[in-house]
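S.K.: the following comprises the amino acid sequence and a computationally predicted model.
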Amino acid sequence: MTTITKFDQFGLSAGMLASLERMDYTTPTPVQAQAIPLALKGRDIMGSAQTGTGKTAAFAIPLVEHLLKNPTSTALVLTPTRELGKQIMDIMHQLLGPKSGIKTAFLIGGAPMNKQMDMLRKNPRLVVGTPGRINDHLERRTVNFDKTDFLVLDETDRMLDMGFSVQLDRIFKFLPNKRQTLMFSATLPKNIVNLSQQYLHNPERIAVGSTVTPSKNINQVIVKLTEEQKFGVLVEQLEARKGSVVIFVKTKYGTERLAKRLKGNNSGFTAEAIHGDLKQNRRDRVIRDYRAQKYRILVATDVVARGLDVPHIEHMINYDFQQ
Ligand code: AMP
C-alpha cells in the first residue's frame with residue numbers, strides 16, 4: 001500500500017491546492033488519505049468515520065474536484081442537522097475559493113423557503129441540506145437533480161436515527177442511477193449496511209479507528225446518583241473541572257431549565273441552552289458564542305449538539321440517561 005503524506009501527491013487541481021494552503025491543510029488525515037484517491041478514481045465509498053477525523057474534507061475535496069472537471073455536473077450532500085450542514089457549507093466555500101463561479105444552495109428545515117428559492121433559481125451546482133427540506137423542494141419542483149451525479153450521505157446513522165429513512169428513499173428516486181456515491185456513518189448497524197447495498201455500486205469500504213468504542217484519549221466516568229443529588233453533584237463537577245463543557249439533557253425544556261439554574265446559582269457559571277425549537281438565528285448565535293468561548297457551558301439536546309465541531313470542548317456530561 002502506498003502512503004500519501006501530503007495533499008500535493010493526490011494530483012489535485014492547482015486551485016484546490018491553493019485553497020488547501022489557505023486553509024492550512026498540509027497533511028491529509030487518515031480518512032482523507034484513504035478516501036480521496038479512491039473517490040478521485042470515481043469509486044463509491046462506504047466509510048466509517050466520526051466527526052473530528054476530517055471526514056468532511058475527505059468527501060468535500062473529491063466533490064469539488066468533480067464539479068471542476070465536469071462543468072455540467074451537480075452534486076448533493078445530505079446531512080442530518082443544520083449545524084453539520086453549516087460546517088459542510090463552510091468547508092465547501094473555503095475549498096471552492098473566493099473566485100469560484102460555482103453557486104451553492106443550503107436547504108435546511110426551519111429556514112425561510114423564499115431565500116432558498118432564490119438560491120435555487122441561480123442554478124446551483126452544489127446543494128447541501130437536510131432530507132426533510134430537500135423533499136419539500138422536490139415536491140414543489142423547485143429543485144431538480146437530473147444532473148446530480150455526485151452524492152454524499154453524511155452521518156447516515158444519525159439520519160436514520162432521526163427518522164429520515166423514508167425521505168432518503170424518496171430522494172434516491174430523483175437521482176440519476178449513473179452517479180458516484182460516498183456514504184459516511186459513525187456506526188455500521190445492519191440498516192446502514194442494507195442501505196449501502198441498495199444504493200452504492202461496488203463500494204470500497206474504509207474505516208478509521210474503531211466504529212464502536214470511543215476514542216482512546218477520552219476518559220469516561222459514570223456517577224450513580226438519585227434525582228435529588230444530581231444538580232449538586234453537577235455543580236461540584238463543574239467547579240472541580242476547567243474548560244468548556246457540553247451537558248446533554250433529554251428534553252428541550254430541560255435544557256432551558258438547567259441553563260437557567262446554572263446561571264442563577266451564584267457560582268459565576270456562564271451557560272446557554274440549545275435545542276431544536278430555537279429560531280435559526282438564535283441557534284447560530286449560541287453556537288458562535290460558544291465557539292468564541294463567550295460562555296463556558298452549553299446545555300443541549302443530543303440531536304442538536306452531537307457532531308458539533310468545537311475544538312475546545314473538554315468535558316461532556318450526560319445529565320439524563322441517553323436512550
Ligand atoms: P471533521 O471531522 O470533518 O469535522 O473535521 C474536524 C476538524 O479538522 C475541522 O476543524 C477541520 O477543519 C479540521 N481538518 C480536517 N482535515 C484537516 C487537515 N488535513 N489538516 C488540518 N486540519 C484539518
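M.R.: Yes, it's here.

S.K.: any idea of the mean pLDDT for stretch 27-41?
M.R.: Stretch 27-41 shows an average pLDDT of 94 in the prediction.

S.K.: now what about it, what contacts it?
M.R.: 3-7, 10-11, 45, 47, 49, 53-55, 57-59, 61-62, 65, 180, 182, 204, 206, 208 (CB atoms under 8 Å, 6 or more residues apart in numbering). Bear in mind the C-beta positions are built from the backbone N, C-alpha and C, glycine included.

S.K.: cool, stretch 275-286 as well?
M.R.: Contact partners of stretch 275-286, identified using CB under 8 Å, 6+ apart, comprise 82-83, 86, 110-111, 252, 255-256, 272-274, 298, 300-301, 303-304.

S.K.: and the helix or strand containing G15, which residues are buried?
M.R.: G15 belongs to helix 14-23 when assigned by DSSP states H and E. Buried positions in helix 14-23, judged by neighbour count with 16 or more other CB atoms under 10 Å: G15, M16, S19, L20.

S.K.: re earlier: buried among the contacts of stretch 27-41? Need that as a selection in ChimeraX.
M.R.: The buried residues among those can be selected in ChimeraX (16+ other CB under 10 Å) with this line:
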select :7,10,45,47,49,53,54,55,57,58,59,61,62,65,180,182,204,206,208
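
S.K.: thinking again about what came up before, buried subset of the contacts of stretch 275-286, written for ChimeraX?
M.R.: This is how ChimeraX selects the buried members of the contacts of stretch 275-286, with burial counted by 16+ other CB under 10 Å:
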select :82,83,86,111,252,255,256,272,273,274,298,300,301,303,304
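
S.K.: the contacts of stretch 275-286 in strands, which ones?
M.R.: Mapping those onto strands (DSSP state E) picks out E272, A273, I274, L298, A300, T301.

S.K.: which one of these is nearest D118?
M.R.: Taking CB to CB as the measure, D118 lies nearest I274 of the ones in strands among the contacts of stretch 275-286, at 27.5 Å.

S.K.: returning to that earlier point: what's the helix holding G15 packed up against?
M.R.: helix 55-69, helix 82-96 (3 or more CB pairs under 8 Å, 6 or more residues apart in numbering; DSSP states H and E).

S.K.: residues contacting N265?
M.R.: By CB under 8 Å, 6+ apart, N265 lies in contact with V235.

S.K.: residue ranges with poor pLDDT in the stretch 1-150 of the chain?
M.R.: 1-5 (pLDDT under 70).

S.K.: what parts of it come near the ligand?
M.R.: For the stretch 1-150 of the chain, the residues in contact with the ligand (CB under 6 Å from any ligand atom) are Y25, T27, P28, T29, Q32, T51, G52, T53, G54, K55, T56, A57.

S.K.: tell me who's in contact with the closest residue to H201 other than its chain neighbours.
M.R.: Spatial nearest neighbour of H201, excluding adjacent residues (CB to CB, 6 or more residues apart in numbering): D44 at 5.1 Å. Taking CB under 8 Å, 6+ apart, we find D44 in contact with Q180, T181, L182, M183, L200, H201, N202, P203, E204.

S.K.: among these, which are in strands?
M.R.: Secondary-structure check on those using DSSP E: residues within strands are Q180, T181, L182, M183, E204.
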